[in-house]
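Undergrad: What shape does this take:
(one chain, ligands or ions: 4)
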Amino acid sequence: AKSAGGNRFELADPEADARAITRHGLTTALPAALERGEFFIEYQPLVHLGDGSVRGAEALVRWLHPQHGVLGPDQFIPLAEDTGLIVPLGRWVLEESVRQARTWQARTPDGADAGPLRVNVNLSPCQLTHPGLVSDTVDILERLGLAPGALCLEVTESALIGADDDLLKPLRRLAEMGVDIALDDFGTGYSNLANLRRLPVSVLKLDRSFTQGMQRFPADPVDLKIVEGIVALAHSLDLAVTVEGVETGAQAEQLRDLGCDTAQGWYYARPGPPDRLHELALADATG
Ligand code: C2E
Ligand code: CA
Ligand code: CA
Ligand code: CA
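TA: Residues are numbered from 1 along each chain as shown. Ligands and ions are numbered 1, 2, ... in the order given. Alright, predicted model coming up:
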């Protein structure tokens, strides 16, 4: 960094300055990055805990920055939300993910799998309040020919806390069309459990913090009781339970025994390119 000390520091490694990742630098580079196609998506398999089959994947966006290399969503999604770029970026992620799900489905031989592969896409709170959400989603599904039931939109619990009817209306419309809505990072937002009933959600995604508590062996009995209670409540409301952050086989077994339906985590696969998801799905259909 340059100091006020004078010319002596002016030439001190200008490249280091250029390389430094600054909030301002990333923010101003975002719009051009979208136009230049610097974003890409990795897919992480969603696995059925009962039979181990791959049912679909969550789409996770990354930025291949020309100077800084691959940046994770935590480094740029908040900036895109602050600047409003999240709306076109989110639309791009949705379109790309729907196109990908369509490709997986077209390439999977009939009857060789546990139903058509599905795709989960994260929605930022800014997209929820954007008036184009429903029409954009309908347009993308129709144009690319994906059944609404093959799409799941993930909304964080915190985005829906205290949500009024205006906020829920677009989600309700999408749910009526057959799009699944998942409540993401569940358990971190202190929401009123009874409130779940009025949300148009069909899936609870248990936050990774719960799975982490299960990594110790034997797991904390209180942690187990909490997960057991959440699963019972979810199932009584007809919600499926997905667990994230499963890193070991012991965790997977325990979560299956507790009644969780679907799992996601490094134990199965890290997020990766779309073709790998397809290979994993085919491998478990034939093997
Ligand atoms: P998330 O929706 O909770 O996604 C799960 C995160 O956990 C991902 O991080 C994933 O790579 C990571 N993960 C998966 N399995 C494991 C595991 O076994 N252990 C551990 N320690 N981590 C695991 P990632 O890809 O860095 O994404 C971070 C967050 O960025 C996501 O959290 C999501 O909230 C947000 N995000 C990602 N893509 C998008 C997008 O297209 N739009 C929006 N609005 N947000 C996105
Ligand atoms: Ca998510
Ligand atoms: Ca999550
Ligand atoms: Ca999380």
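Undergrad: Output the below-cut-off pLDDT ranges for the stretch 151-287 of the chain.
TA: Per-residue confidence for the stretch 151-287 of the chain (pLDDT under 70) gives these ranges: 190-192, 217, 285-287.
Undergrad: One more pass at 90, please.
TA: 157-166, 187-198, 209-224, 226, 276-287 (pLDDT under 90).
Undergrad: what about the nearest residue to residue 178 once chain neighbours are set aside, how many residues close to it?
TA: Spatially, and ignoring its direct neighbours in sequence, residue 178 is nearest to residue 148 (3.8 Å; CB to CB, 6 or more residues apart in numbering). For every residue, glycine as well, the C-beta is placed using N, CA and C. Neighbours of residue 148 under the rule other CB atoms under 10 Å: 16.
Undergrad: Check the gap between residue 148 and ligand 1 for me.
TA: 19 Å (CB to the nearest ligand atom, to the nearest Å).
Undergrad: And for residue 97?
TA: Counting by CB to the nearest ligand atom, the separation of residue 97 from ligand 1 is 8 Å.
Undergrad: Contact residues of the chain facing ligand 2?
TA: Contact residues (CB under 5 Å from the ion) of the chain with ligand 2: 122, 154, 184.
Undergrad: Restrict the biggest strand by length in the chain to CA atoms and write it as CSV.
TA: In the chain, with assignment by DSSP state E, the single longest strand is strand 54-65. Extracted in CSV, the C-alpha atoms of strand 54-65 (Å, rounded to 0.1, in the frame of the first residue of the first chain):
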residue,chain,number,x,y,z
VAL,A,54,-28.5,-39.2,-6.9
ARG,A,55,-31.8,-37.2,-7.3
GLY,A,56,-30.4,-33.9,-8.5
ALA,A,57,-28.0,-31.1,-7.6
GLU,A,58,-27.7,-27.7,-6.1
ALA,A,59,-26.4,-25.0,-8.4
LEU,A,60,-23.6,-22.9,-6.8
VAL,A,61,-22.3,-19.9,-8.7
ARG,A,62,-18.5,-19.0,-9.0
TRP,A,63,-16.7,-16.2,-10.6
LEU,A,64,-13.6,-16.9,-12.7
HIS,A,65,-12.0,-13.5,-12.2
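Undergrad: Ligand 3: which of the residues of the chain next to ligand 2 is nearest?
TA: Closest approach to ligand 3 among those (CB to the ion): residue 184, at 4.3 Å.
Undergrad: Was I right to think residue 33 contacts residue 65?
TA: Yes. With contact defined as CB atoms under 8 Å, residue 33 and residue 65 form a contacting pair (7.3 Å).
Undergrad: Can you tell me how far the residue nearest the centre of the chain is from residue 182?
TA: Nearest to the mean C-alpha position of the chain, by CA atoms, centre = their mean, lies residue 122 at 4.4 Å. According to CB to CB, to the nearest Å, residue 122 stands 9 Å off from residue 182.
Undergrad: related to what we said a few turns ago, ok, now which ones touch the nearest residue to the residue nearest to the centre of the chain once chain neighbours are set aside?
TA: Ranked by CB to CB, 6+ apart and with sequence neighbours excluded, the top spatial neighbour of residue 122 is residue 154, at 4.9 Å. Contacts here follow CB atoms under 8 Å, 6 or more residues apart in numbering; on that basis residue 154 touches 58, 120-123, 181-182, 184, 205.
Undergrad: isn't there a strand covering residue 154?
TA: Yes. Residue 154 sits within a strand when classified using DSSP: H, G, I helix; E, B strand; the rest coil.
Undergrad: Specify the beta-bridge partners of it.
TA: Beta-bridge partners for residue 154, by DSSP bridges, are residue 122, residue 182.
Undergrad: now residue 240
TA: residue 203.
Undergrad: How much space separates it from residue 32?
TA: 40 Å.
Undergrad: what's the answer for residue 181, then?
TA: Residue 181 is 33 Å from residue 32, by CB to CB.
Undergrad: the more surrounded of these two?
TA: residue 181 (22 against 9).
Undergrad: I'd say the more buried one and residue 171 touch.
TA: Yes. Here residue 181 reaches residue 171: they are 5.5 Å apart, a contact under CB under 8 Å.
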